[in-house]
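Asks: need coordinates for the following:
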Amino acid sequence: MDDEASLQSTIARARDFDPDAWEALYRRLHPGLHAYARRRLAAPMCDDAVSETFTRAMEAIGRFSPRSGSFDGWVFGILRNVVLESYRKAGRHDHDVPDLASEEEGPLDRLVAGERAAEVRAAFEQLAPDDREVLELRILGRLDAEAVGAVVGKRAGAVRMAQARALSRLGDLLGERQR
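Replies: Residues are numbered from 1 along each chain as shown. This next block holds a predicted model:
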């Protein structure tokens, strides 16, 4: 389902509640959605958040319009709302990512070999929540700037600028740690 025509065909079938189409969409999006949820929620809640996201997507598929953005961005927007609702239910007002250090290897660990992973993770946790979210959606979610913009309510140019600034701040944090 790599080309746009195939994706659009799958979405059209999903509108008719074709279970094979939904399975294909699930397989396409699950890794990124789960990675994003894992960064935002405690481990036991991640699977529930992704499941709730797909349930809501199935219920709302008739309202999705390709003119308003990418399908992937639309689904990530749903997940973001699910995450924010879980924050409200838990009484969290700060949207800071909880301490999610785990022994489980994640995308960041695969990108940064061995001993640098802990250093990068520590620097990443020092970033502002908005910086972390933009980087998570762009890297973990593999969304383009337009899709991230639709998720967080910013223009694509503002997302690219936020990403550049977040990466610069991350680089500064890593540079300070090396001194």
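Asks: where does the chain dip in pLDDT?
Replies: Counting by pLDDT under 70, the chain contains low-confidence residues at 1-2, 92-117, 176-179.
Asks: distance of residue 10 from residue 163?
Replies: In this structure, residue 10 and residue 163 are 28 Å apart, going by CB to CB, to the nearest Å. Every C-beta, even on glycine, is put in place using the N, C-alpha and C of the backbone.
Asks: do residue 79 as well
Replies: Using CB to CB, one gets 19 Å for the distance from residue 79 to residue 163.
Asks: so the two - more neighbours on which side?
Replies: Set side by side, residue 79 and residue 163 show unequal neighbour counts under other CB atoms under 10 Å, the larger going to residue 79 at 26 against 18.
Asks: quick check: closest non-adjacent residue to that one.
Replies: In space, residue 79 comes closest to residue 53 once its chain neighbours are excluded; the distance is 4.3 Å by CB to CB, 6 or more residues apart in numbering.
Asks: sec struct for that neighbour, please.
Replies: Here residue 53 takes the helix state, with states given by DSSP: H, G, I helix; E, B strand; the rest coil.
Asks: that one and residue 33 touch, don't they?
Replies: Yes: in this structure, residue 53 sits in contact with residue 33. The criterion is CB atoms under 8 Å, and the distance is 6.3 Å.
Asks: tell me how many other residues surround residue 36.
Replies: 26.
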